[in-house]
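Visitor: heads up, no residue letters with this:
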């Protein structure tokens, strides 16, 4: 089911309309442990082995998508 990057409830926040810096910061914060909110445990294993280049590449891909 296509959701247009609008998220699903509290668990999956929307990706549409955020700045590239916001995407990258969130990934770095999950990876470093600086972000430790209610659902952070879901993201930590996903980002644990990302390199800085991976984060840049993922951010570029996300902002290239149309909501």
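Guide: Noted; the coordinates are in hand. None of the values given here were measured: they were computed from a predicted structure. Residues are numbered from 1 along each chain as shown.
Visitor: what's near enough to touch residue 43?
Guide: Counting by Cβ atoms under 8 Å, 6 or more residues apart in numbering, residue 43 touches 30, 35. (C-beta placed from N, C-alpha, C; glycine too.)
Visitor: flag the shaky bits of the protein, pLDDT-wise.
Guide: The model of the chain has pLDDT under 70 over residues 1-4, 67.
Visitor: one more time with 50, if that's ok
Guide: 1 (pLDDT under 50).
Visitor: now do the helices in it.
Guide: With helices called from DSSP state H, the chain shows them at 20-32, 40-47, 52-64.
Visitor: among the ones you listed, which is nearest residue 11?
Guide: helix 40-47 (7.3 Å; Cβ to Cβ).
Visitor: what angle sits between the closest one and helix 20-32?
Guide: 90 degrees (axes from the mean of the first three to the mean of the last three Cα atoms, to 10 degrees).
Visitor: now the helices of the chain as a markdown table including distance to residue 11?
Guide: Compiled in a markdown table, those are given as follows (distance: least, Cβ to Cβ, whole Å):
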| stretch | distance to residue 11 |
| --- | --- |
| helix 20-32 | 14 |
| helix 40-47 | 7 |
| helix 52-64 | 18 |
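Visitor: right, so of the ones you listed, which gets closest to residue 9?
Guide: That would be helix 40-47 among the helices of the chain, by Cβ to Cβ, at 12.9 Å.
Visitor: in that closest one, what's buried?
Guide: For helix 40-47, a neighbour-count test (16 or more other Cβ atoms under 10 Å) marks 43, 47 as buried.
Visitor: now the angle from it to helix 52-64?
Guide: Relative orientation of helix 40-47 versus helix 52-64 (the same axes, to 10 degrees): 110 degrees.
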